[in-house]
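Colleague: what's the 3D shape of this:
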Amino acid sequence: MISKPDIQKISKDERAENLEYLMRRFGDKVVKLAYYHVRDRYQAEDIAQEVFCKVYEKLDSFRGESSYYTWIYRITVNKCRDYLKSAAFRRILPWGNTRKLNQIQNTTNHLFEAVEGGEVFQKVMDLPSKYRIVIALYYFEELSTVEISEILNIKESTIRTRLCRAREKLKKTLSEEAAL
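Modeller: Next up is the predicted model:
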């Protein structure tokens, strides 16, 4: 449906049609990728909306140097990083009793993780972010190390190292639980 566009302006109708197609095609994957970063289902959905707003805004400037998939994932990673930077600031400000809200969110997130993939998925989600994201992209989204490297803007050798270390951490965690 969508072909690689020239750098010329596309009509509003074409842009809306292309956006709708991209949202159907990649929407769920964008939400999952955002979730792998922020571990909050509702925030991941908000980030996905922001991603597709950005895609709509920049659709006519897409140069076709990568696939739409890689381009959209890259936007998602950047939006997640922006959110995490801003979230650190918001955690410093006391906005009242957020303890109960955090408990509700954690319960919801753990239920989401249980439904999404069970025990192994939960263990992956408990890994530090740099390992969690590469494991999730590699195994759950079935991306190659080259694609992950492009999306995260990290050297492929670093991706392979993180995958190896993440596997070791998962193996250790799962074997410790099996021993109990």
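Colleague: quick one: least confident helix or strand in the chain?
Modeller: Least confident element among the helices and strands of the chain, by mean pLDDT, DSSP states H and E: helix 99-125 (a mean of 56).
Colleague: and the closest residue to residue 134 other than its chain neighbours, what does it touch?
Modeller: Spatial nearest neighbour of residue 134, excluding adjacent residues (Cβ to Cβ, 6 or more residues apart in numbering): residue 162 at 4.6 Å. In short, each C-beta sits where N, CA and C put it, glycine included. By Cβ atoms under 8 Å, 6 or more residues apart in numbering, residue 162 lies in contact with 130, 131, 134.
Colleague: give me the number of residues near the last one?
Modeller: By other Cβ atoms under 10 Å, the residues close to residue 134 number 27.
Colleague: cool, and residue 129?
Modeller: Neighbour tally, residue 129, other Cβ under 10 Å: 13.
Colleague: do the same with the one 10 residues further on
Modeller: When counting by other Cβ under 10 Å, one arrives at 16 neighbours for residue 139.
Colleague: Same check on residue 61?
Modeller: 9.
Colleague: Look up how far residue 174 lies from the most centrally placed residue in the chain.
Modeller: Closest to where the C-alpha atoms of the chain average out (Cα atoms, centre = their mean) is residue 33, at 1.9 Å. Here the criterion is Cβ to Cβ, to the nearest Å. By it, residue 33 lies 24 Å from residue 174.
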